Structures are given as structure tokens and as C-alpha cells.
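Novice: Provide a 3D model corresponding to the input given below.
(chains A and B)
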Amino acid sequence: MSDTEVLSKTVLHPAHLALGARMTAFGGYDMPVQYPQGVLAEHRWTREQAGLFDVSHMGPSFLTLNDRTGDAEADHAAVSALIEPLISGDIAGLKPGQLRYTVLLNETGGMIDDLMVGRPLQPDRQGMLYIVVNAGTKDNDFALIAAAAKGRATLTRADDRALVALQGPAAEAVLATLFPEAADLGFMTFRRFDRKGEGFVISRSGYSGEDGYEILIPTAQALEVWDLLTADARVRPVGLGARDSLRLEAGLPLYGHDADETVSPIEAGLAFAVAKKRRARGDLRGAERLARELSEGPARLRVGLRVLSGAPAREGVEIADASGAVIGRVTSGGPSPSLGFPIAMGFVPSAASAVGTPLQVIVRGRAQPAEVVALPFVPHRYVRKA
Amino acid sequence: MHFTKDHEWIAVEGDVATVGITNYAAEQLGDVVFVELPEVGKVLKPGDSLAVVESVKAASDVYSPISGEVVAANDGLTGNPETVNQSPESLAWFARVKLANPAELAGLMDRAAYEAFLQGL
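Specialist: A predicted model of the protein is given here:
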């Protein structure tokens, strides 16, 4: 992005400036990279209390059948059938109120994006899906989904509202001050809440590895709710810098870095997002490649690396085997504030992907010892409910 | 003390220059978590990488403003990289360089000129 290009602003932009945030261009938006506290403190606060993130640059949307029959199951099946051909997940099989992580696939089984798709809880809102895609890819994703649904369902973008993430062990208690019933949500479920006559969409989900929520806020209430949440002593605003270090520790891929159109979800370690039902039916885009990689194992795999000594290994750094032969590249990496040593993710041949495999990372021409470790680097602390 | 537009300071004693980064640069970098120092004996030209300073977000090169041979590196920073944020213009020097061409100093700013330069950013 060139400096002269006009950046979009989220509804919460004035709040970031008032808090003294350092702003940066991200996904076409002018976003807070950090607040005066700094990335390390924001990262640690999120792990210990609760961090509040503006993620309004992302792509929340609703896909709604044009002609609903009123039969909840039939309407859900009909809207699911419109999006399933594009993605890897079983959407028809979602229970009311369930949210699923899934992948938009190209014809060769590569990843166009990763996204969340949810089925509303309320019986009178069936035949609708809540879909959240990534910031940098949203225009293309929305065009693909709208084209696939053309004439039968309408895609309504909701990226003019505010989307915030409240993440950390105190998130449940904090959000209960505004929405007491949000505490009843389990990980990867969501529902609509009303406040002052407008609808909020609250999901128990996030991108930090911590318990927490993502909250779609009506535009007119966005700054008020942001201020209410940040006024809570347990909450501090957190910028994109710590968002990235938190998700790295949580072993979560970042689209455009740890995944792209050449990478299959199997290679990316996301086989769980390729639904068994869809595999059995063989109706996935790139089904042949995905089936082959699942049965024979993929040629390469996304792994976690612990850098045993030396400088952090960042995106683009070469990964070598013990003999020094280059076998892959780091796709995300940096210092881990929680662990105190550098961590990285990258792709290596499957033969070198076992936990404990000794490897090297070549940082500024110098080979540093590294080792394959299990993902996530820092255990997830999601709150699941029966 | 001399200053550069890249926000380095250079303190000269005899023919040895001590090089670090300014308060402004340290503030811009954010929390420093790793510092890579030059080896003693390394011969630098202006623009060569003298050190690498890393925050959570990024690695930033510190470029040598002068020519000369590295005669000391501040190894204390390796175990305490946060010193770069705490005392950038005193304790957190990166290297001492034996000046090969003291005339290079003439092109640098003094503190007043550097402060004026910061005002213009």
C-alpha cells in the first residue's frame, strides 16, 4: 500500500487517537499497532486480565435466503448449500448457535482465506449465516460468496459496524457487566443480544488463545461500548502488535503469511477444518489433492519451531536441516513475551516435521539451532460448555 | 555529542567514538527484546550495519555513521536488552569505534540541530 492511498477508518478510530495509540496501515485501514503501554505490557495484560482489540477492519457479514420457507431445518439446509461448495466445512450440520472455523478453497485445494461461519440460535432467524472473513481478503471473499448465492440469498456486509475482541481470563466477568447471559456461551458459540433496541452479535471466540469474546456492535453504540469496556480496571486496549504475538504463541495461522492460495488446509495443519462429511461426499474443491494429502500425508507441513539460541527468526527466514540444507521458510516468527524465547512457524517437509526434530534457522546469514515443538506454544484456555 | 538523521548519537573521546541511538529512536522502536552487536575487530564504513535492535514487532538495523574499527561492544545489552529503552543515550551504547576518518564527524548535527530536526518531523 502506498502512503498516498487513503486509508479507511474504523468507527473506533477516534478512541484510538484519544488513547494515544500509534497507528499503522493494515488491510487498508489506519489501525492501532500499540497504545502507550507498549506491545509487551499489552500482551501480558491480555494473558493475565483482559485485552480489548478493535478488529473492525475484518469482514463480518450475513448471508440471508431471499425466500425463507419458515421451516427452520429446510431454510438452514438451503443457505448452507449455497456456501458449502466454496468452503471446507460442514455448515448444514451446525447446531443453532454454533460457530465454525472453516476455509475458502480454490480449485486446487489451496486456501483463498480462512473464516468463521455461524448458524443463528433463534428459530426465527434460520436461513441466515453469520460469516466473518479476514480484512485483506474481504472484498474478494464477499464477491465469491455473493456470486455463489446469486438470486437465492443476499450477502449483507456488516463491516460498517464495530467488531471488537475482548480476550483474557477476566473477559467473562467483564462482559457480564453489560451482557450477563454472555457468560453462558461456550467456546465457538454465538447469539444475538439486544441493547438499547439494537442487535449485538456476541461469539465466544478469538485469536489470542485465551477465553474471550468477539462482539459485533451497532455503529451508533460503538464508542459508548468501547468506553464502557475500557473504563473497567480489568481491561486495557491492545493493538495489532500484541494481537500478532498472542496469536503466534497460540499457534494460530495468519492468512497471507502462514497460508495462501498454494497452501492446502492439510499442509497448514488445519485438517480439522476439512469436514469428514464433505470428504466422504467428495464435493470439496481440490478434493483429489486433499484426499491424497490426508491418506499419504502432505509433502510439507506447518510446524512450530523453538529457536534455541540467537536472534528471533521472523517471516522469510530460511529453515535448514541439521546438515545445513535449506528445507523451508519461516512464515511467522518473533520473540515470545510469555515464554521468553523466540518462536516461529513455518513449512518443512513432512519427514522433518516430528516434534523434537533438530533444525536450524538462518538469521542474517548465521545458522542458529532450532527444534520442532508442538503447537500451540502456549496452551489454549478456551471455555467449552456442554 | 554528535547526532545523525537516523537518530544515532556519537560521543567522541580522543580517536574513539561511542555509538548509540537516541531517546526518540528508542521510543519509536518500542520494547527492545534482543540486541545483536558487532564483533570486536569488525571494520565499518558509513552505512554498514553496526547493530540490530529487535522489538516484538520488528528487527531494525543501526547503521554506522562513521568509518573505523570496532574496539569494544556493549555485551551487557545482550542479557538486558531493555536497557535500550531505559537509558538509550547513556548505558545503552552499542559499540566503540576507532575513528578512521574524523572528518566524517563534521557532517553530523549537534544537540541543538538534532532537537530542531526532531521538531520538523
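Novice: so residue 103, which state does it fall into?
Specialist: Looking at chain A here, since you left the chain open. Taking DSSP: H, G, I helix; E, B strand; the rest coil as the rule, one finds A:V103 in the strand state.
Novice: chain B is the one I meant
Specialist: Strictly by three-state DSSP, B:A103 counts as helix.
Novice: residue ranges of the helices in chain A, please?
Specialist: All helices of chain A, identified by DSSP state H, fall at A:13-18, A:39-48, A:72-83, A:138-149, A:171-176, A:222-231, A:240-249, A:276-281, A:287-296.
Novice: hey, which of those helices is tucked in deepest?
Specialist: Comparing those by mean neighbour count (mean count of other C-beta atoms under 10 Å in any protein chain shown), helix A:240-249 comes out on top with a mean of 25. Just so you know, the C-beta spots here come from the backbone N, C-alpha and C atoms, and that holds for glycine as well.
Novice: before we move on, the earlier item: turn the helices of chain A into JSON lines, including distance to A:A158 and mean pLDDT.
Specialist: Output for the helices of chain A, formatted as JSON lines (distance: least, C-beta to C-beta, whole Å; pLDDT from 0 to 100):
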{"stretch": "helix A:13-18", "distance to A:A158": "17", "mean pLDDT": "98"}
{"stretch": "helix A:39-48", "distance to A:A158": "25", "mean pLDDT": "98"}
{"stretch": "helix A:72-83", "distance to A:A158": "16", "mean pLDDT": "98"}
{"stretch": "helix A:138-149", "distance to A:A158": "11", "mean pLDDT": "98"}
{"stretch": "helix A:171-176", "distance to A:A158": "20", "mean pLDDT": "98"}
{"stretch": "helix A:222-231", "distance to A:A158": "12", "mean pLDDT": "98"}
{"stretch": "helix A:240-249", "distance to A:A158": "20", "mean pLDDT": "98"}
{"stretch": "helix A:276-281", "distance to A:A158": "27", "mean pLDDT": "95"}
{"stretch": "helix A:287-296", "distance to A:A158": "31", "mean pLDDT": "96"}
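Novice: my guess is B:I10 contacts B:T22. True?
Specialist: No - B:I10 is beyond contact range of B:T22, at 10.7 Å (criterion: C-beta atoms under 8 Å).
Novice: overlap of the contact sets of those two?
Specialist: B:F3 (C-beta atoms under 8 Å, 6 or more residues apart in numbering or on different chains).
Novice: for the residue nearest the centre of chain B, which residues make a bridge with it?
Specialist: Centroid-nearest residue in chain B, with C-alpha atoms, centre = their mean: B:G20, separated by 2.6 Å. B:G20 forms beta bridges with B:W9, as assigned by DSSP bridges.
Novice: what's the spacing between the spatially closest residue to A:P14 that is not a sequence neighbour and chain B?
Specialist: If the residues on either side of it in the chain are set aside, A:P14 comes closest to A:L223, at 6.9 Å by C-beta to C-beta, 6 or more residues apart in numbering or on different chains. Using C-beta to the nearest C-beta, to the nearest Å, A:L223 is found at 26 Å from chain B.
Novice: so what's A:P169 up against?
Specialist: Listed by C-beta under 8 Å, 6+ apart, the contact set of A:P169 reads A:R47, A:E48, A:Q49, A:A50, A:E210, A:D211, A:R381.
Novice: ok, B:V43 touching B:S64?
Specialist: No - using C-beta under 8 Å, B:V43 is not in contact with B:S64; the gap is 10.0 Å.
Novice: show me which of the two is the more surrounded one.
Specialist: The residue with more neighbours, out of B:V43 and B:S64, is B:S64; 28 against 14, by other C-beta atoms under 10 Å in any protein chain shown.
Novice: can you pull the contacts of the more buried one?
Specialist: By C-beta under 8 Å, 6+ apart, the contact set of B:S64 is B:V19, B:L44, B:K45, B:P46, B:G47, B:D48, B:S49, B:L50, B:V97.
Novice: nearest spatial neighbour of the one residue sitting closest to the centre of chain A, chain-adjacent residues omitted?
Specialist: In chain A, the centroid-proximal residue (C-alpha atoms, centre = their mean) is A:Y207; its distance is 5.4 Å. With sequence-adjacent residues excluded and distances taken as C-beta to C-beta, 6+ apart, A:Y207 is closest to A:R247, at 4.8 Å.
Novice: specify the beta-bridge partners of residue 32.
Specialist: Just so you know, I chose chain A. Bridge pairing for A:P32 - DSSP bridges - gives A:M23.
Novice: try again with chain B
Specialist: The partner residues for B:V32, given DSSP bridges, come to B:S55.
Novice: just to be sure, B:V84 is in a helix?
Specialist: Yes - counting by three-state DSSP, B:V84 falls inside a helix.
Novice: distance of B:H2 from B:V53?
Specialist: Using C-beta to C-beta, to the nearest Å, we find B:H2 at a distance of 20 Å from B:V53.
Novice: then A:H43?
Specialist: 19 Å.
Novice: please apply the same query to B:L29.
Specialist: From B:L29 to B:V53 the distance is 6 Å (C-beta to C-beta).
Novice: now the common contact residues for the two.
Specialist: B:I21, B:S60, B:V84.
Novice: hang on, the last one packs against B:G30?
Specialist: No - here B:V84 lies out of contact with B:G30, judged by C-beta under 8 Å, at a distance of 10.4 Å.
Novice: who's more crowded, those two?
Specialist: Under the criterion of other C-beta under 10 Å, the comparison of B:V84 against B:G30 puts B:V84 first, with 29 against 19.
Novice: pLDDT at the more buried one, what is it?
Specialist: On the pLDDT scale, B:V84 is placed at 98.
Novice: please apply the same query to B:G14.
Specialist: Looking at B:G14, its pLDDT stands at 96.
Novice: residues from the stretch 251-386 of chain A in reach of chain B?
Specialist: Residues of the stretch 251-386 of chain A found near chain B (C-beta under 8 Å from any C-beta of the partner chain) are A:A311, A:P312, A:R314, A:G334, A:P335, A:P337, A:P342, A:R364.
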